[in-house]
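A.B. asks: test case, fold it:
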Amino acid sequence: MAGKTVNLPGVVMAINGIPIGGFSDGDAATIEFNSDLHELTMGVDGEGMFNSTNDQSGTITFSMLYTSESNQTFQDAMDSGDAFSISIVDTAGGYEMFAATCKVMKRPSRTYSKAAGPTEWACLSDKIDDSNHGVLPG
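C.D. replies: Numbers count the residues shown, from 1 in each chain. Modelled structure (predicted):
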């Protein structure tokens, strides 16, 4: 059986439909949900009940090169104060993520040293739809 390969150039990431690029070394984007999908409530007699949280909110963090032109796209979105959309699509069919309502959480930290570090943009969304839940193609 052949191994599966994820090729970052085959992953299209966009803000309001505008493709972004110029990612730093390492993780280009990280998607982190705020809550568990389910919680467990235990009764006094030891019987358990699962509760769906229905919380699909989370944070999508992009790690960009200091010199990436896409930093301006994030800056413009932050400065406008308006909500924006984020999409991440693996063109090989492995993953699709869409967040219709996002805002930049805070200004990115800056470090000045011998080698410029990444510029990280953390974007908060009230609903992240990852339709195939990260299942890679067969």
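A.B. asks: name the element Ala77 belongs to?
C.D. replies: Element membership for Ala77 (DSSP states H and E) is helix 70-80.
A.B. asks: give me the buried positions along that helix.
C.D. replies: Burial within helix 70-80, assessed by neighbour count using 16 or more other CB atoms under 10 Å, is assigned to Ser70, Asn71, Thr73, Phe74, Ala77, Met78. Where you see a C-beta, it was placed from the backbone N, CA and C, and this is true even at glycine.
A.B. asks: centre of the chain to that helix, how far?
C.D. replies: 16 Å (CA atoms, centre = their mean, to the nearest Å).
A.B. asks: export it as CSV, just CAs?
C.D. replies: What follows is helix 70-80 as a C-alpha-only set of coordinates in CSV (Å, rounded to 0.1, in the frame of the first residue of the first chain):
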residue,chain,number,x,y,z
SER,A,70,-0.2,38.4,2.5
ASN,A,71,0.5,40.1,5.8
GLN,A,72,-1.1,43.2,4.2
THR,A,73,-4.3,41.2,3.6
PHE,A,74,-4.5,40.3,7.3
GLN,A,75,-3.7,43.9,8.2
ASP,A,76,-6.4,45.3,6.0
ALA,A,77,-8.9,42.8,7.4
MET,A,78,-8.0,43.8,11.0
ASP,A,79,-8.0,47.5,10.2
SER,A,80,-11.4,47.4,8.6
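A.B. asks: fine, thanks again, bye for now.
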